[in-house]
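Novice: Here is a sequence together with a model predicted from it:
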Amino acid sequence: MRLVAVFVLIAGLGLAAGASWYVYAKVQAAEARLNGVQEPQAPIRLIELAVVQEDLRFGQQLKPEHIKMVSWPRASAPINGFARMEDLFGDGSEPRTVLRRMEPNEPILASKITGFGVKATVAALLDPGMLAFTIPVDAQKSVGGFLLPGSRIDVFLTVNDRENGPTTRLVMQNLEVIAIDQDTDIDRVEARLAGTVTVQGDAEAVARLTLASSTGSMSIALRGHGSDKITELDPMNRNELLGIEEAIVADVEPEVTSVRVRRAGNVEERIFQQ
């Protein structure tokens, strides 16, 4: 019994010592945090990154005096940034042009400037593999002048169907507007009426728009910001719009009546169809 009691006493003292040490370590850590002492961290690896020194606008030629090199955390560096002035300006003979507005200390990204010697035109704004198509519009068909480069639209086609009369169908959805008339500045915020709207799309989209423009009257609708929902919409005609139900004519076989007529001993059979 004495050995068991001694063993229990030793085990209890060990557990008490362990608990005391755990509480002591926690208290020390809390005091260190309160005193501003932080645990040592791994050093942050830095790289050189090109950023702008002043506001740059659409169409402005990019020059070395607009740029400065800064130290930037490697882990958060943009993948399409520039780590060397040589990569950004080359030999200096073919300047780049600004495609998107940039503010001081913002990294220069390849998507915000043109290639060497390329001006800020519609061709420079097209995504790889995309084509540009221009849609003529008026005040009613350009969403009251609220379209801007960068907006997204749906395109509707109205034709005069021989059987159903005026019929409207949705031909293209979620097209990106890259120009309003000759204006391609995506940072413009002033609304204005337009005579043409230029969109980008793949070859199939351009083919559909080309056929639609020669088939009937096209109109456009502005999408909300960030909306990419694709809608399944059947063609709509005037009767569906006004709620007029077309009469259904049943295919009924005509009734046939046979009548026999006697004349001077001769019998004639006459058939009547109703």
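Specialist: Sure, I can see it.
Novice: Let's see the longest strand anywhere in the chain as PDB, backbone CA atoms only.
Specialist: Longest strand in the chain by number of residues (criterion: DSSP state E): strand 165-180. Taking C-alpha atoms only, strand 165-180 is exported to PDB below (Å, rounded to 0.1, in the frame of the first residue of the first chain):
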ATOM      1  CA  GLY A 165     -46.200  39.500 -88.000                       C
ATOM      2  CA  PRO A 166     -43.500  41.500 -86.200                       C
ATOM      3  CA  THR A 167     -41.300  39.000 -84.300                       C
ATOM      4  CA  THR A 168     -38.400  39.800 -81.900                       C
ATOM      5  CA  ARG A 169     -35.700  37.300 -80.900                       C
ATOM      6  CA  LEU A 170     -32.600  37.500 -78.700                       C
ATOM      7  CA  VAL A 171     -29.600  36.900 -81.100                       C
ATOM      8  CA  MET A 172     -26.500  37.600 -78.900                       C
ATOM      9  CA  GLN A 173     -25.900  38.000 -75.200                       C
ATOM     10  CA  ASN A 174     -23.200  39.500 -72.900                       C
ATOM     11  CA  LEU A 175     -21.200  41.300 -75.700                       C
ATOM     12  CA  GLU A 176     -18.500  43.700 -74.500                       C
ATOM     13  CA  VAL A 177     -18.600  47.300 -75.900                       C
ATOM     14  CA  ILE A 178     -15.100  48.400 -76.800                       C
ATOM     15  CA  ALA A 179     -16.000  51.700 -78.500                       C
ATOM     16  CA  ILE A 180     -18.800  54.300 -78.700                       C
END
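Novice: Who are the contact partners of the residue lying closest to Arg57 once chain neighbours are set aside?
Specialist: If the residues on either side of it in the chain are set aside, Arg57 comes closest to Arg101, at 5.8 Å by Cβ to Cβ, 6 or more residues apart in numbering. The C-beta positions use only the backbone N, C-alpha and C, and glycine is treated the same way. By Cβ atoms under 8 Å, 6 or more residues apart in numbering, the contact set of Arg101 is 55-58, 187.
Novice: And the buried ones among those residues, selectable in PyMOL?
Specialist: This is the PyMOL syntax for the buried subset of the contacts of Arg101, where burial follows 16 or more other Cβ atoms under 10 Å:
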select buried, resi 56+58
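Novice: And the contacts of Arg101, which is closest to Asp87?
Specialist: Leu56 (17.7 Å; Cβ to Cβ).
Novice: The closest one reaches Met102, doesn't it?
Specialist: Yes: counting by Cβ atoms under 8 Å, Leu56 touches Met102, with 4.5 Å between them.
Novice: how about low-confidence regions in the stretch 101-250 of the chain?
Specialist: Applying pLDDT under 70 to the stretch 101-250 of the chain flags the ranges 139-142, 144, 189, 191-192, 246-250.
Novice: All the helices of it, in order from the start?
Specialist: When assigned using DSSP state H, counting those that start in this stretch, the helices of the stretch 101-250 of the chain occupy the ranges 122-125, 203-215, 238-242.
Novice: Counting by contacts, list what the second one packs against.
Specialist: In terms of contacts (3 or more Cβ pairs under 8 Å, 6 or more residues apart in numbering; DSSP states H and E), helix 203-215 is packed against strand 131-136, strand 152-161, strand 165-180.
Novice: Pro95 is nearest to which of these?
Specialist: Per Cβ to Cβ, nearest to Pro95 of those: strand 165-180, 22.2 Å.
Novice: Which residues belonging to the closest one are considered buried?
Specialist: Result for strand 165-180 [16+ other Cβ under 10 Å]: buried residues 167-168, 170-173, 175-180.
Novice: Tabulate these (JSON lines), appending distance to Tyr24.
Specialist: Shown next, in JSON lines, are these (distance: Cβ to Cβ, whole Å):
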{"residue": "Thr167", "distance to Tyr24": "83"}
{"residue": "Thr168", "distance to Tyr24": "79"}
{"residue": "Leu170", "distance to Tyr24": "72"}
{"residue": "Val171", "distance to Tyr24": "75"}
{"residue": "Met172", "distance to Tyr24": "71"}
{"residue": "Gln173", "distance to Tyr24": "66"}
{"residue": "Leu175", "distance to Tyr24": "67"}
{"residue": "Glu176", "distance to Tyr24": "63"}
{"residue": "Val177", "distance to Tyr24": "67"}
{"residue": "Ile178", "distance to Tyr24": "67"}
{"residue": "Ala179", "distance to Tyr24": "70"}
{"residue": "Ile180", "distance to Tyr24": "70"}
